[in-house]
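>>> Prediction below, plus the sequence it came from.
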Amino acid sequence: MQPVRELLAKEHRINWAGIGDGMHVIATLWMVAFCAFLAATGAKANDAAYDGAVVFRSTVAENSTLDIELSDWNDDRRRFVSAMIDDMLARAPGLFARATQAGPLNIYLTTTETPSHPAAAWARRRHENSLIVRHDFFRTGHPNRFGVDYTHWLFVHEIAHLADPVDRIGQSPAWSDAIVPVIANIEADLAAQNMNLRQAMFAFRDEPAIARGLPSVYAAISIHEALAELTAAVYFDIDLDIAPAPRAVLLEHQFALPTQTDSALTDHYRRAYRAYRDGRFDDASAILSEAIDLDPTFGMGHYLLGYTHLQMGEARLAYADWQRSLRLFGDIDPLLASEVASSIETIRQSLGK
């Protein structure tokens, strides 16, 4: 998002109302039903089974903001990824359904060093359903400390991010109550060793995290990385003493089929973000208002509505939107809360509050 101070300096602009290019809800519901069938029957998917739910892309998708150089997929690499999707459909169909709940999963093969590691999911900040892999993603024979091939673990980790695209799970009080104390204990353990989380991460000092029930110290970097790493730990059923509370949240939400409200909020948020990005602020405001009517506790909806109202010249409304978002995730998502608090302070100063 643009800095709030810059947005406040802009003149109010009236934008034409465009037609939203929303996700196909019917296709989403079909995918949910299909995954439920797989769960019930134990059936294994083949390429045709999830055709349309996954797209191996050699060109950037329409509406994408990605700016990367792409390689073409060959059959071997497509089969490599398809085998992991087959495995997920057999083990955790709900997780896959969540990752595709508002549209197909676009998988890109990049020729560049972006992302900085073999795979990255672009959902929370770019607001699109994309997984980017590099050529070194296809290496095998490199198990992690739990005996799981690094690439397969990484694939599940990134899918876990895509499965919670608008932070419905990650920003929930249930997840916060379960995981924040665990992270605090790990930080305290490291502080006793004169280390912080980042120092431990770059030194590959995972033992303090493992002792507290997280598979890596990287999992303690944020509530969102904890969600992704613990999702992989549960998925592979590794030998780790995961606390009952976070495990219960994952099984009840992350591994369960998305509800209609889950899918609707994801669809609304992505359509609203595209409208915001395209300068159709009236459209974005209307879509977000519908989402908040569906769930008044939708923190990311209030967050984006704040930016939208600010672009419309409605600083007081933006102030109220961000106050609401801060009440919803202020104690849960420190990085986002810091951004929102700074925005609120900027508006407070401009309004003389």
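Sure, I can see it. Bear in mind the structure is a predicted one, so any value in this text is a computation, not a measurement.

>>> Tell me where this structure is predicted with low confidence.
Within the chain, the ranges that satisfy pLDDT under 70 run 1-51, 124-126, 353.

>>> Residue 89 contacts residue 96, correct?
Yes. In terms of CB atoms under 8 Å, residue 89 counts as a neighbour of residue 96; the distance is 5.7 Å. C-beta: built from backbone N, CA, C; applies to glycine.

>>> More neighbours: the two, which one.
residue 96 (28 against 23; other CB atoms under 10 Å).

>>> which non-adjacent residue is nearest the more buried one?
Once flanking residues are discounted, residue 96 sits nearest to residue 88: 4.9 Å by CB to CB, 6 or more residues apart in numbering.

>>> what's the neighbour count on that neighbour?
Each residue near residue 88 was counted by other CB under 10 Å, and the total is 23.

>>> Next, it: secondary structure please.
What DSSP: H, G, I helix; E, B strand; the rest coil gives for residue 88 is helix.

>>> how far away is the closest residue in space to residue 211 that isn't next to it in sequence from residue 179?
Excluding the flanking residues, the one nearest residue 211 by CB to CB, 6+ apart is residue 189, at 7.4 Å. Using CB to CB, to the nearest Å, residue 189 is found at 16 Å from residue 179.

>>> of the two, who's got more company?
Higher neighbour count among residue 189 and residue 179: residue 179, with 25 against 17, using other CB under 10 Å.

>>> which residues touch that one?
Counting by CB atoms under 8 Å, 6 or more residues apart in numbering, residue 179 makes contact with 223, 226-227, 230, 246.

>>> Return the closest of these with respect to residue 135.
residue 227 (27.8 Å; CB to CB).

>>> Which of the three states applies to that closest one?
Taking three-state DSSP as the rule, one finds residue 227 in the helix state.

>>> Quick check: it vs residue 259, distance?
Taking CB to CB, one finds residue 227 at 18 Å from residue 259.

>>> Give me the more crowded residue out of these two.
Neighbours per residue, other CB under 10 Å: of residue 227 and residue 259, the larger number sits with residue 227, 25 against 13.

>>> who are the neighbours in contact with the more buried one?
160-161, 164, 169-170, 175, 179, 250, 254.

>>> Helix, strand, or coil at residue 145?
coil.

>>> just residue 114 next, same as before
Once three-state DSSP is applied, residue 114 turns out coil.

>>> what number of residues lie near it?
If you count neighbours by other CB under 10 Å, residue 114 ends up with 13.

>>> all helices in the stretch 251-353 of the chain, in order from the N-terminus.
260-277, 281-294, 299-311, 315-329, 334-351 (DSSP state H, counting those that start in this stretch).

>>> from memory residue 297 sits against residue 325, does it?
No. With contacts counted by CB under 8 Å, residue 297 stays clear of residue 325, the gap being 10.3 Å.

>>> For the residue nearest to residue 96, give its distance to residue 303.
Taken as CB to CB, the span from residue 88 to residue 303 is 30 Å.

>>> Ok, residue 140 next?
40 Å.

>>> Also residue 260?
22 Å.
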